[in-house]
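In: Sequence first, then the predicted structure:
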Amino acid sequence: MARAAAATPEVTVLCCGGTIDKGYDPETGAFVFKEGAVREVLQSVEISFDVTFQTVCLKDSVDMTDADVDALATACCGVSANKILVTHGTSTIVRSARRIASALVGHAHEAHRTVVLTGSLRPRVFTESDADFNLGVAVGALSALPSGVYIVMSGAAHQYDNVARDPDDGRFVSATTPGCVAGDDPGIQLTLDQLASAAD
């Protein structure tokens, strides 16, 4: 008896902006958001899954409001795919990962849904950008990791509740690393707290 063809895996890419989606505008001499970094990478290689793209916002992550983060979390719950790749600025990526994880608690597909957030420290248009590498590792991680929410940067995957920024070089490391505290860069968090206070 002929074996039924396996269903093609489905991946949804949610774009939030960040350094990875910045490009140079020769008319203004500034770096501006040019959506499409992850699309360009995936279209340049042979991939073994169906992919859909959705833009949540195009912002530096420090400019993402609570409403933006809530919209991202809602999208992670609402899409049909159980494999979700999020491109995001690195400054507040942990905050968003935590919000997504919280939103997925009790969700009908929580036990099957894998969400990987990634970004880059330098725009993809730079010759020495880490964007393509991070995207490649993130896509591979989607296939290999069990359900849950993860941050993938610099070749390593960290669970959302066990990741920190190294205060010396800004790398994403395990929260158990000596001298590190789980969460985003403390300096970034202080800035966000100050902005929130000013808005009250």
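Out: Structure's in. What do you need?

In: now the helices for the protein?
Out: For the chain, the helices defined by DSSP state H cover 37-43, 66-78, 93-104, 131-144, 186-199.

In: Go through the ones you listed and name the closest to Asp161.
Out: Nearest of these to Asp161, taken as C-beta to C-beta: helix 93-104 at 7.1 Å. C-beta: built from backbone N, CA, C; applies to glycine.

In: Could you export the helices of the chain to JSON lines, including columns for distance to Phe49?
Out: Shown next, in JSON lines, are those (distance: least, C-beta to C-beta, whole Å):
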{"stretch": "helix 37-43", "distance to Phe49": "9"}
{"stretch": "helix 66-78", "distance to Phe49": "17"}
{"stretch": "helix 93-104", "distance to Phe49": "21"}
{"stretch": "helix 131-144", "distance to Phe49": "8"}
{"stretch": "helix 186-199", "distance to Phe49": "33"}
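
In: Ranking these by mean neighbour count, which comes first?
Out: Mean neighbour count (mean count of other C-beta atoms under 10 Å) peaks for helix 93-104 among those, with a mean of 22.

In: okay, that one in CSV with CA atoms only?
Out: This file holds the C-alpha atoms of helix 93-104, laid out as CSV (Å, rounded to 0.1, in the frame of the first residue of the first chain):
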residue,chain,number,x,y,z
ILE,A,93,13.5,40.9,22.9
VAL,A,94,13.4,39.2,26.4
ARG,A,95,10.4,41.4,27.4
SER,A,96,8.5,40.3,24.3
ALA,A,97,9.5,36.6,24.7
ARG,A,98,8.1,36.7,28.2
ARG,A,99,4.8,38.3,27.1
ILE,A,100,4.4,35.6,24.4
ALA,A,101,5.1,32.8,26.8
SER,A,102,2.5,34.3,29.2
ALA,A,103,-0.1,34.6,26.4
LEU,A,104,0.4,31.0,25.4
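
In: Leaving out chain neighbours, which residue sits closest to the residue positioned nearest the centre of the chain?
Out: Nearest to the mean C-alpha position of the chain, by C-alpha atoms, centre = their mean, lies Leu117 at 2.5 Å. Leaving aside its chain neighbours, Leu117 sits nearest to Val86 (4.4 Å; criterion: C-beta to C-beta, 6 or more residues apart in numbering).

In: Send me the top strand by length along the chain as CSV with only the CA atoms.
Out: The longest strand of the chain (DSSP state E) is strand 50-59. Taking C-alpha atoms only, strand 50-59 is exported to CSV below (Å, rounded to 0.1, in the frame of the first residue of the first chain):
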residue,chain,number,x,y,z
ASP,A,50,5.7,26.5,3.6
VAL,A,51,6.2,30.0,5.0
THR,A,52,3.9,32.9,5.5
PHE,A,53,4.9,36.4,6.5
GLN,A,54,3.1,38.9,8.7
THR,A,55,4.2,42.3,9.8
VAL,A,56,3.4,43.2,13.4
CYS,A,57,5.3,46.5,13.4
LEU,A,58,8.5,48.0,12.1
LYS,A,59,10.2,49.7,15.1
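
In: Good, wrapping up.
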